[in-house]
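[1] sequence and computational prediction follow.
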Amino acid sequence: MLEFLRKQQGLTQKDLKKEIGEQPYVSDIEKGKKNLTTSQIEKLCKRFDVSPNVFF
């Protein structure tokens, strides 16, 4: 879902540095190698104006 939302808004993985961290970490999340933290989900919900349920 993260990759879909990011691409829908024309963002790169680097654009999510403030919400998630460095690009390799964002890549790992999108590939399912790492999970989002509660704090990251809160920040992403604000950025994309979506419910936290989107990320579960």
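    Arrived safely.

[2] next one: the closest residue to residue 2 other than its chain neighbours, what pLDDT does it get?
    In space, residue 2 comes closest to residue 30 once its chain neighbours are excluded; the distance is 5.7 Å by C-beta to C-beta, 6 or more residues apart in numbering. For glycine as for every other residue, the C-beta is placed from the backbone atoms N, C-alpha and C. For residue 30, the pLDDT comes out at 97.

[3] how about residue 30, what does it touch?
    Counting by C-beta atoms under 8 Å, 6 or more residues apart in numbering, residue 30 makes contact with 2, 3, 6, 13.

[4] kindly report the same for residue 31.
    Residue 31 neighbours (C-beta under 8 Å, 6+ apart): none.

[5] quick one, which of the contacts of residue 30 are buried?
    2, 6, 13 (16 or more other C-beta atoms under 10 Å).

[6] and which of the residues you listed is nearest residue 47?
    residue 6 (9.5 Å; C-beta to C-beta).

[7] in which helix or strand does that closest one reside?
    For residue 6, the host element (DSSP states H and E) is helix 2-8.

[8] C-terminal to that helix, what's the next element?
    helix 23-30.

[9] buried ones in that following helix?
    25, 26, 29, 30.

[10] got a markdown table for those, with distance to residue 38 too?
    Below are the buried residues of helix 23-30 laid out as a markdown table (distance: C-beta to C-beta, whole Å):
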| residue | distance to residue 38 |
| --- | --- |
| 25 | 16 |
| 26 | 17 |
| 29 | 14 |
| 30 | 18 |
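
[11] hmm, who's touching the helix of greatest length in the chain?
    Scanning the chain for the helix with the most residues, using DSSP state H, yields helix 38-48. With contacts defined as C-beta under 8 Å, 6+ apart, helix 38-48 is touched by 2, 5, 9, 16, 18-20, 36, 50-52, 54-55.

[12] can you pick out the most distant pair from these?
    Spanning the widest gap among the contacts of helix 38-48 are 18 and 51, at 20.2 Å by C-beta to C-beta.

[13] circling back: give the rounded mean pLDDT of the longest helix of the chain.
    Rounded mean pLDDT across helix 38-48 is 97.
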